[in-house]
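# Sequence and predicted structure below; questions after.
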Amino acid sequence: PVYELFTVNEKFNTAADVTAGNALGNVVVDNDSTAAKLVRLLQRKKAGRLTFIPLNSLDRRDHSVPQASQDAIPLISKITVHDEAVRPAIVKIFGKTMVTRTVAVGNELARDLNVDCITLEGDQVNRRGAMTGGFVDTSRSRIK
């Protein structure tokens with residue numbers, strides 16, 4: 001699963017956990033052929049469902065995020081990827097997210113820079129304008 005492929009500075013655990021959400025359980029595979037074979041195997045064995053991230057189907061163009069500022073920092077800059085081969089999958093999940101001091105700052109940046117924003121507490125503002133927030137039970141995090 002994705003959550004085994006990286007580590008994050010502990011201060012940013014909640015931000016990373018909330019940003020990735022269910023994608024933490026996704027499985028990175030080499031290509032779409034492997035993903036298709038695994039889906040068929042799951043179907044045959046009636047073994048549940050998984051989401052696969054085939055590396056060959058990811059957009060490899062540079063998706064640069066804005067520079068860090070006094071009020072915001074790219075979340076990806078706080079993540080250490082264990083294997084460079086899977087970096088594109090990690091960038092796909094975290095690459096367009098900025099960690100901001102407050103939701104108000106996040107709202108401004110999301111609109112101005114076309115990025116998703118999150119606070120250290122896990123409150124989010126996405127680039128389309130939606131805000132999500134409230135209590136986050138950190139004891140249930142898969143990121144350790």
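Now that the structure is in, tell me what you want to look at.

# can you pull out the strands in this structure?
Ranges of strands within the chain are 6-8, 27-29, 52-54, 72-74, 79-81, 97-100, 116-119, 124-125, 131-132, based on DSSP state E.

# can you list the ones you listed in a markdown table and add distance to residue 139?
Glycine gets a C-beta too; all of them are placed from N, C-alpha and C. Output for the strands of the chain, formatted as a markdown table (distance: least, C-beta to C-beta, whole Å):
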| stretch | distance to residue 139 |
| --- | --- |
| strand 6-8 | 17 |
| strand 27-29 | 25 |
| strand 52-54 | 27 |
| strand 72-74 | 25 |
| strand 79-81 | 21 |
| strand 97-100 | 21 |
| strand 116-119 | 19 |
| strand 124-125 | 20 |
| strand 131-132 | 20 |
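
# Tabulate those (CSV), appending mean neighbour count and distance to residue 36.
Shown next, in CSV, are the strands of the chain (neighbours: other C-beta atoms under 10 Å; distance: least, C-beta to C-beta, whole Å):
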stretch, mean neighbour count, distance to residue 36
strand 6-8, 20, 25
strand 27-29, 19, 10
strand 52-54, 18, 9
strand 72-74, 20, 33
strand 79-81, 16, 25
strand 97-100, 25, 29
strand 116-119, 24, 30
strand 124-125, 24, 32
strand 131-132, 12, 33
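
# Dump those strands to JSON lines, plus mean pLDDT and distance to residue 106.
What follows is those, written out as JSON lines (pLDDT from 0 to 100; distance: least, C-beta to C-beta, whole Å):
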{"stretch": "strand 6-8", "mean pLDDT": "96", "distance to residue 106": "18"}
{"stretch": "strand 27-29", "mean pLDDT": "97", "distance to residue 106": "28"}
{"stretch": "strand 52-54", "mean pLDDT": "97", "distance to residue 106": "26"}
{"stretch": "strand 72-74", "mean pLDDT": "95", "distance to residue 106": "8"}
{"stretch": "strand 79-81", "mean pLDDT": "96", "distance to residue 106": "19"}
{"stretch": "strand 97-100", "mean pLDDT": "96", "distance to residue 106": "4"}
{"stretch": "strand 116-119", "mean pLDDT": "96", "distance to residue 106": "3"}
{"stretch": "strand 124-125", "mean pLDDT": "96", "distance to residue 106": "4"}
{"stretch": "strand 131-132", "mean pLDDT": "94", "distance to residue 106": "8"}
